[in-house]
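1. Below are the sequence and a predicted model for it; my questions follow.
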Amino acid sequence: MVNTNQIKRGLANFVDTEIVNKIPGGTIKKTLVGTAMGLYIANMDKILSNGISNPFIAALGIVDEAGNVNIDALADALKKNISDTGVRVDLDFVGFHIGDMTLHRQDIDVLRTHILSA
C-alpha cells in the first residue's frame, strides 16, 4: 500500500524521467507536458479523495479507508489489460497536439518502482 504523497512523487519522477525527457523536438513540447502533468499532480489529492468516496473505486478494492492504494494490485491489473503492442496515449495540452506515446507493460513496472521508491 502506498499513500497519496508517494503516488504524487513517484508519478512526478516517472513523468520527468520517462516521458518529458524522451519527448522529441523542441523544449516547448516538454514544457507543455511538464506543466500539464505538474498541475495534474498538484491537484491529485482532490482527485484521489473524490475517488475514495466513489462507489466504483471502492468496489475495485484497491483503496483502503485511509486512502492508501494497493499499487501492486493496480499495476498487475493494468498490465493484464495492456496488449503485447502496448496502448497508445495521445499527448494533448489545451488543444495543442504534442505527440503520442505507447505505454507498454514494462512501463507500468517502471512507474510502480518510481512510486514505491518515492
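-> Sure, I can see it. Numbering: from 1, shown residues only.
2. Tell me where the model's unsure across the chain.
-> Scanning the chain with the threshold set as pLDDT under 70 gives 51-52.
3. now the farthest one out in the chain, which residue is it?
-> residue 26 (23.4 Å; C-alpha atoms, centre = their mean).
4. Dump the C-alpha coordinates for the longest helix seen in the chain into CSV.
-> Looking across the chain with DSSP state H, the single longest helix is helix 27-42. The C-alpha coordinates for helix 27-42 follow below in CSV (Å, rounded to 0.1, in the frame of the first residue of the first chain):
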residue,chain,number,x,y,z
THR,A,27,11.5,22.4,-25.4
ILE,A,28,8.0,23.9,-25.9
LYS,A,29,6.6,20.4,-26.1
LYS,A,30,8.5,19.3,-23.0
THR,A,31,7.4,22.5,-21.2
LEU,A,32,3.7,21.9,-22.0
VAL,A,33,3.7,18.3,-20.9
GLY,A,34,5.7,19.1,-17.8
THR,A,35,3.3,21.9,-16.9
ALA,A,36,0.1,19.9,-17.6
MET,A,37,1.4,17.0,-15.5
GLY,A,38,2.6,19.3,-12.8
LEU,A,39,-0.9,20.8,-12.5
TYR,A,40,-2.5,17.4,-12.5
ILE,A,41,-0.2,16.1,-9.8
ALA,A,42,-0.7,19.3,-7.7
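5. Mind jotting down where the helices sit in the protein?
-> In order along the chain, the chain carries the following helices (DSSP H): 4-14, 27-42, 44-52, 55-60, 71-80, 105-116.
6. which stretch among the ones you listed comes nearest residue 95?
-> helix 27-42 (11.0 Å; C-beta to C-beta). Every C-beta, even on glycine, is put in place using the N, C-alpha and C of the backbone.
7. which strands and helices sit next to the closest one?
-> The elements that helix 27-42 packs onto, with contact taken as 3 or more C-beta pairs under 8 Å, 6 or more residues apart in numbering; DSSP states H and E, are helix 4-14, strand 87-93, strand 96-103.
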